[in-house]
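Peer 1: Generate a structure from the sequence data that follows.
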Amino acid sequence: MKFNVMVVDDEKNIREGLGKALEMDNYSVYLAADGSEAVDLLQENDIDLIISDLIMPKMSGEELLSKVSVECPTIPVIILTAHGTIETAVNAMRNGAYDFVTKPINLDRFSLLVKRALSNRKLVLQHRALQEELERKSQFSNIIGRSEAMKKIFEVISQVAPTKASVLITGDSGVGKELVADAIHYHSPRKDKPFIKVHCAALTETLLESELFGHEKGAFTGAFAKKRGRFELAHGGTIFLDEIGEINQNIQIKILRVLQEKQFERVGGEETVTVNVRIISATNKDLTEEIREGRFREDLFYRLNVVNIKIPPLRERKDDIPLLVTSFLKEFARENNKTIEGFDTKARQALFSYSWPGNIRELRNCIESAVVMCKSNLITMEDLPENIRQDSDKDFIKLELGISMPDAEKEIIRSTLHFVNGNKSKAAQILGIGRKTLHRKVEEYKLE
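Peer 2: Take a look at the predicted model:
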């Protein structure tokens, strides 16, 4: 990211000298002779930092600062001042200036100050981008993700939602399979019809059969009245069978019949019930292995698996972590009536480095805990759960077996940059590559 820096000073030598120094540091430079000219440049260009003298004709530095503070409050302003006007510069900082530099200017100190101001500006822009993406009304607003893997899932949802096809959603526990089922139903022609959810692993065989297909009065002990099952209640709409890999063969046969004939009988009954229901199912099991072991019917699998959506674990889509963290932080800070701006560097790095075996569910619980434990406006390592703190003390990189070479390289570069706090020279030295090569890789993998 190349920053745009504007120098505002009525003295030509100072203005142009600072401009050349900034260009040598690889910034795009804009020059203005007074505040009025600076305002015009602000309206025409995206400026990331303003360096302004205090005393100028037409519009002074104080007037310019006042205008920027109101109209562009996220743009930092560094004030240039002579020794005799330091008190004025301090007042300017009270009114919103980022810092001040005294003349004659020490270019080394000036360069570090500019770098620090732009680093803060970068964080502000990143935070704004995350907020905009979170608040953007998209067709999948209930699913948070911007990684390439999630973009592909969004495309599949868009294609399959308008159809009648059965969908099998697979993935580890906690990855958000239910949210994908929600998105499919609510973007389908059945969105105004019932959407019934059943957690198959939470019920015994007898209770699950009654829950799915209903029962007649007296069908078993405790059946005091006729009850309609979830398939009947879902007529015209969608039924979501979560953890379908847990159901036994008897119930599998009845579900297969619903898929093939759209018919079934209630438990203890003889009347045939006809339904029009779309089935979306989910499992964290490998159903092909279950078929080999004789625990799951192959014919039912093919009926359920017309379209398969595999959701990768969070450790394989770490690009989604900042967005998820921002969303959960906002949610739990509001719930707990706290004002929390974010995470310090170490806490942020720990969240990114952790492998998240519990996936999004574990991340969500972690952020809720951190918000509750936080005593200031910034979450630190001490606020995070103990297992994440302990994991962050280990200086190694975790790579999954089966990961591709480009993904492995991306993760190694990203983790190394985190380890050296973004110092590309140190990172390049550790990785044994040239700085230019590292810059190219950073841009290629979008690691900025």
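
Peer 1: Would you map out the domains in this protein?
Peer 2: Following automatic domain parsing, one finds the domains of the chain at 4-134, 148-312, 315-392, 405-444.

Peer 1: so how far is residue 374 from the residue most central in space within the chain?
Peer 2: Centrality entry for the chain: nearest residue to the mean C-alpha point is residue 323, 2.2 Å, by Cα atoms, centre = their mean. Noted for residue 323: a distance of 20 Å to residue 374, by Cβ to Cβ, to the nearest Å. All C-beta spots, glycine's among them, are computed from the backbone N, C-alpha and C.

Peer 1: now swap in residue 24 and tell me
Peer 2: According to Cβ to Cβ, residue 24 and residue 374 sit 42 Å apart.

Peer 1: Of those two, give the one with the bigger neighbour count.
Peer 2: Each of residue 24 and residue 374 has its neighbours counted (other Cβ atoms under 10 Å); residue 374 has more, 22 against 10.

Peer 1: now the end-to-end length of stretch 38-53.
Peer 2: End-to-end distance for stretch 38-53: 11 Å, by Cα to Cα, to the nearest Å.

Peer 1: buried stuff in that stretch?
Peer 2: For stretch 38-53, a neighbour-count test (16 or more other Cβ atoms under 10 Å) marks 38-39, 41-42, 47-53 as buried.

Peer 1: Farthest-apart pair in these, please.
Peer 2: The two members of these with the most space between them (Cβ to Cβ) are 48 and 53, at 18.9 Å.

Peer 1: Tell me the secondary structure at residue 240.
Peer 2: Classification of residue 240 using DSSP: H, G, I helix; E, B strand; the rest coil returns strand.

Peer 1: mind starting the numbering at 15 from now?
Peer 2: Happy to do that; since the first residue is 15 now, the last one works out to residue 254.

Peer 1: That one touches residue 295, doesn't it?
Peer 2: Yes. Using Cβ atoms under 8 Å, residue 254 is in contact with residue 295, at 7.4 Å.

Peer 1: Check the residue nearest to the centre of the chain and give its pLDDT.
Peer 2: Here, the pLDDT recorded for residue 337 equals 88.

Peer 1: What residues does the residue nearest to it when sequence neighbours are not counted make contact with?
Peer 2: Excluding its sequence neighbours, the residue lying closest to residue 337 (Cβ to Cβ, 6 or more residues apart in numbering) is residue 158, at 5.4 Å. Residues near residue 158 by Cβ atoms under 8 Å, 6 or more residues apart in numbering: 148, 334, 337-338, 341.

Peer 1: which of those residues sit farthest apart?
Peer 2: 148 and 334 (11.8 Å).

Peer 1: So which of the two has more stuff around it?
Peer 2: Neighbour count, other Cβ under 10 Å: between residue 148 and residue 334, residue 334 has more, with 20 against 14.

Peer 1: what about that one, distance to residue 420?
Peer 2: In this view, residue 334 and residue 420 are 18 Å apart by Cβ to Cβ.

Peer 1: which residues are contacting the strand or helix carrying residue 165?
Peer 2: Per DSSP states H and E: residue 165 is located in helix 162-174. Contacting residues not belonging to helix 162-174 are listed as 153-154, 157, 159, 181, 194, 197-198, 201, 321, 323, 325-326, 330-331, 333-334 [Cβ under 8 Å, 6+ apart].

Peer 1: Over to stretch 378-389?
Peer 2: Counting by Cβ under 8 Å, 6+ apart, residues outside stretch 378-389 touching it are 338-339, 342-343, 346-347, 350, 352, 354, 361, 365, 372, 393-394, 396-399, 402.

Peer 1: Find me the pLDDT at residue 405, would you?
Peer 2: Here, the pLDDT recorded for residue 405 equals 69.

Peer 1: Same check on residue 408?
Peer 2: 52.

Peer 1: for residue 79, same thing?
Peer 2: Here the pLDDT value assigned to residue 79 is 89.

Peer 1: what's the burial count for it?
Peer 2: Residue 79 is flanked by 22 other residues according to other Cβ under 10 Å.

Peer 1: Alpha carbons only: can I get the helix or strand encompassing it in PDB?
Peer 2: Applying DSSP H and E as the criterion places residue 79 in helix 75-85. The C-alpha trace of helix 75-85 is given here as PDB (Å, rounded to 0.1, in the frame of the first residue of the first chain):
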ATOM      1  CA  GLY A  75      -2.300  25.600   9.900                       C
ATOM      2  CA  GLU A  76      -4.700  25.900  12.900                       C
ATOM      3  CA  GLU A  77      -7.600  26.700  10.600                       C
ATOM      4  CA  LEU A  78      -6.700  23.800   8.300                       C
ATOM      5  CA  LEU A  79      -6.500  21.400  11.300                       C
ATOM      6  CA  SER A  80      -9.900  22.500  12.500                       C
ATOM      7  CA  LYS A  81     -11.400  21.900   9.100                       C
ATOM      8  CA  VAL A  82      -9.700  18.400   8.700                       C
ATOM      9  CA  SER A  83     -10.700  17.400  12.300                       C
ATOM     10  CA  VAL A  84     -14.400  18.000  11.400                       C
ATOM     11  CA  GLU A  85     -14.500  16.800   7.800                       C
END
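
Peer 1: Now do the helix or strand just after it against helix 75-85, angle only.
Peer 2: Per DSSP H and E, the first helix or strand lying C-terminal to helix 75-85 is strand 91-95. Strand 91-95 and helix 75-85 meet at an angle of 170 degrees, taking axes from the mean of the first three to the mean of the last three Cα atoms, to 10 degrees as the criterion.

Peer 1: and the helix ranked longest in the chain with strand 91-95, angle?
Peer 2: Looking across the chain with DSSP state H, the single longest helix is helix 121-149. Compare the direction of helix 121-149 with that of strand 91-95 by the same axes, to 10 degrees and you get 160 degrees.

Peer 1: residue ranges of the strands in this protein, please?
Peer 2: Here the chain has its strands, by DSSP state E, at 18-22, 42-46, 63-67, 91-95, 113-116, 181-184, 209-213, 252-256, 277-279, 286-288, 292-297, 321-324, 356-357, 392-393.

Peer 1: Having no further points to raise, I will conclude here.
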